[in-house]
Structures are given as structure tokens and as C-alpha cells.
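Q: what would the 3D arrangement of this be:
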Amino acid sequence: MKKIAFIMLSMVLLAACNDGQKKEAKVEEVAVNNSEVKGELPELSIYNLPATWTTQNYEDIQLEDLRGNVLVMVMIYTSCKAACPRLIADMRNIEKQVPEEYLDKTKFIMVSIDPETDTPDRLNAFAKENEMEDDHWIFLRGTPEDTREFATVLAVSYKKISPIDFSHSNIISVFDEEGVLVHQQEGLGVDNTETVEAIKTEVSN
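A: Residues are numbered from 1 along each chain as shown. As a prediction, this is how the structure comes out:
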């Protein structure tokens with residue numbers, strides 16, 4: 001799984017970089033200045049993706065805004081009644097096992113695969129319903145195109161099977177502080193010991 005995701009990441013980031021050269025021509029000087037301050041990004045960092053996302057708190061961000069944190073990511077949709085509640089439970093279980101002092105440098109991120117339904121208002125309400133309002137919980141919504149591209153990065157497949165339902169992969173991914181994939185777990189209710197250890201290792205580095 002990790003090898004497949006690594007290949008997917010390489011292909012998507014190459015395409016994104018080519019596309020990003022056109023999109024970001026107007027902010028080239030700012031990008032150069034940021035690079036000088038933070039250092040060059042690794043080639044396979046998801047922070048090379050140029051997409052803009054909206055959070056449950058109505059903020060527009062790019063993934064690079066999260067640089068410096070360990071990211072724990074999963075793709076869900078809020079109207080899901082089957083797999084997604086279990087994925088949320090898995091994310092909660094992982095969070096509970098991460099030492100409290102590590103949470104300041106860890107972000108648990110839910111990326112919607114149904115941006116049409118999952119507006120910022122809906123994501124905000126969902127976060128409140130599930131008591132996921134701490135700063136380390138982030139819900140993201142993007143364009144359908146950016147969502148599909150990011151799913152490819154995570155090796156997540158999804159397909160709309162009815163007006164309100166999707167079939168989708170159940171994968172939780174861990175990225176280091178520079179946005180490089182370091183671990184994935186697949187399945188529902190699986191042993192997440194390795195995932196927790198991957199998070200602790202990256203935060204303590």
C-alpha cells in the first residue's frame with residue numbers, strides 16, 4: 001500500500017508542479033521568499049500541491065500552511081452512515097493514544113470526498129456534533145478536481161453510487177512535518193499501534 005501511494009504521489013506531484021507553475025506565476029516572488037525562510041520542500045511533499053482548501057471554520061488555506069505539523073489524514077463524507085463513522089472512531093482512538101504534549105504538533109485532518117454537500121457550514125456543524133472542535137481537528141473541503149487529485153495522492157479511490165452515497169477506500173495516512181508520507185493503515189477498526197508509533201516518532205524527531 002505504501003509503495004503504491006508513493007508512486008501515486010510522485011505522479012500527481014509532478015503534474016501539480018507543472019500546473020502550479022502556471023497558476024502561481026503571479027506569486028513567484030512570495031514563494032521564493034517563503035522558500036528562503038523555511039527551506040526547500042522535499043520533492044514528494046504534499047505541500048507542493050497548489051490547491052486551496054476551505055476549513056470548517058471558513059478559512060481558506062493551502063496544505064503548506066500546515067507545514068511543521070505531523071498530519072494524520074483520512075477522506076470521508078459527512079452524510080456517510082456506514083464506513084465513515086467507523087473511520088472517525090478510528091481517528092478518535094488514535095488521537096487518544098497520542099500523548100497530550102504531542103497534540104500541539106499533530107493535526108487530524110478529514111478531507112471531504114463530497115464537497116457539494118459538505119459545505120463549510122456542514123463541516124462546522126459536523127465537527128460540533130462529534131465534539132471535534134479542538135485546534136488539532138481540521139476538516140477540509142476543496143473543488144471536485146482538487147479532491148480527486150488529492151485522493152490519488154493518498155491512494156484512496158471513491159465513486160458516487162447514489163445521489164447521497166459513495167463507495168470509498170478506508171485509509172488513514174500519516175505525513176511528517178515536511179509533508180512526506182511515512183505510514184498508512186487500511187481497514188476499519190484495525191490495530192492502530194503502528195500508526196500511533198509513527199506519529200510519536202515523527203513528532204519527537
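
Q: now do the SS call for Met132.
A: Assigned by DSSP: H, G, I helix; E, B strand; the rest coil, the conformation of Met132 is coil.

Q: residues near Ala127, how many?
A: Ala127 has 20 neighbours, counted by other CB atoms under 10 Å. Yep, even glycine has a C-beta here, placed from its N, CA and C like the rest.

Q: swap in Gly68?
A: Under the neighbour criterion other CB under 10 Å, Gly68 is assigned a count of 12.

Q: cool, the one 10 residues further on as well?
A: Counted with other CB under 10 Å, residues neighbouring Thr78 total 20.

Q: got it, and Val153?
A: Neighbours around Val153, by other CB under 10 Å: 22.

Q: same deal with Ala83?
A: For Ala83, the count of nearby residues is 16 (other CB under 10 Å).

Q: right, and it touches Gly189 too?
A: No - between Ala83 and Gly189 there is no contact under CB atoms under 8 Å: 10.4 Å.

Q: test my guess that Ser157 contacts Asn170.
A: No - in this structure, Ser157 is not within contact of Asn170 by CB under 8 Å, at 10.6 Å.

Q: where does the chain dip in pLDDT?
A: 1-38 (pLDDT under 70).

Q: quick one: the strands in it, in order.
A: For the chain, the strands defined by DSSP state E cover 52-55, 60-62, 70-76, 106-112, 137-141, 158-160, 166-168, 171-175, 181-186.

Q: save the ones you listed as CSV, and put in distance to Arg148 and mean neighbour count too.
A: Shown next, in CSV, are the strands of the chain (distance: least, CB to CB, whole Å; neighbours: other CB atoms under 10 Å):
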stretch, distance to Arg148, mean neighbour count
strand 52-55, 14, 19
strand 60-62, 17, 13
strand 70-76, 11, 24
strand 106-112, 11, 23
strand 137-141, 13, 23
strand 158-160, 9, 13
strand 166-168, 12, 17
strand 171-175, 15, 23
strand 181-186, 18, 19
